[in-house]
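Participant: Predicted model and sequence follow; I will ask about them next.
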Amino acid sequence: MEKTFLMVKPDGVQRNLIGEIVNRFERKGFQLVGAKLMQISNELASEHYGEHKERPFFGELVDFITSGPVFAMVWEGENVIKTAREMMGKTNPAEAAPGTIRGDFGVTVGKNVIHGSDSPESAEREINLFFDQKELVSYTKQD
Ligand code: CMP
């Protein structure tokens, strides 16, 4: 079954949005298979955002994501990577549709509440970067 990496960013944690965000993915029908509240190091932030290294906002990005705790999660389900991105809305909250997480709760492109993997390759890379295999569970939902 497909897995994706989702992370409530420091602004989302500070604004008490963890429960709201977890609730949305639970109600949708996806399954939480790993989660932890953690403080990201500069090294992990630089690796996670490696593809943005040359961008003018890279320093800002690393400073922000390391500024406070994040809530890192692994979710499982059919087409979870693409569907979670749709539920998150566009990267810039100003362009994100109402009803999406960023559309409902975000204001600026830097502080956009949540991160989610954008492809199967980045999902695998990001899950392995943030979680040990033994931190993930596998279970069947009871009816
Ligand atoms: P995320 O999905 O975490 O992946 C890269 C992040 O870069 C993105 O969300 C935005 O929060 C951030 N980002 C994109 N463009 C800008 C920008 N112009 N200034 C600051 N941050 C940005």
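Facilitator: Structure's in. What do you need?
Participant: Could you list the low-pLDDT ranges of this structure?
Facilitator: 143 (pLDDT under 70).
Participant: Show me what from it comes close to the ligand.
Facilitator: Proximity of the chain to the ligand is confined to 52, 57, 60-61, 91, 109-110, 112, 115 under the rule Cβ under 6 Å from any ligand atom. Just so you know, the C-beta spots here come from the backbone N, C-alpha and C atoms, and that holds for glycine as well.
Participant: and which of those is nearest residue 127?
Facilitator: residue 115 (12.6 Å; Cβ to Cβ).
Participant: pretty sure the closest one contacts residue 7?
Facilitator: Yes: Residue 115 is in contact with residue 7 according to Cβ atoms under 8 Å; the separation is 4.5 Å.
Participant: When these two are compared, which one has more neighbours?
Facilitator: Applying other Cβ atoms under 10 Å to residue 115 and residue 7 shows that residue 7 carries more neighbours, namely 23 against 20.
Participant: Ramachandran angles for the residue lying closest to residue 31 once chain neighbours are set aside?
Facilitator: Distance criterion Cβ to Cβ, 6 or more residues apart in numbering; nearest residue to residue 31, sequence neighbours excluded, is residue 76 at 4.7 Å. The phi/psi pair for residue 76 (degrees, to the nearest 10) reads phi -120, psi 150.
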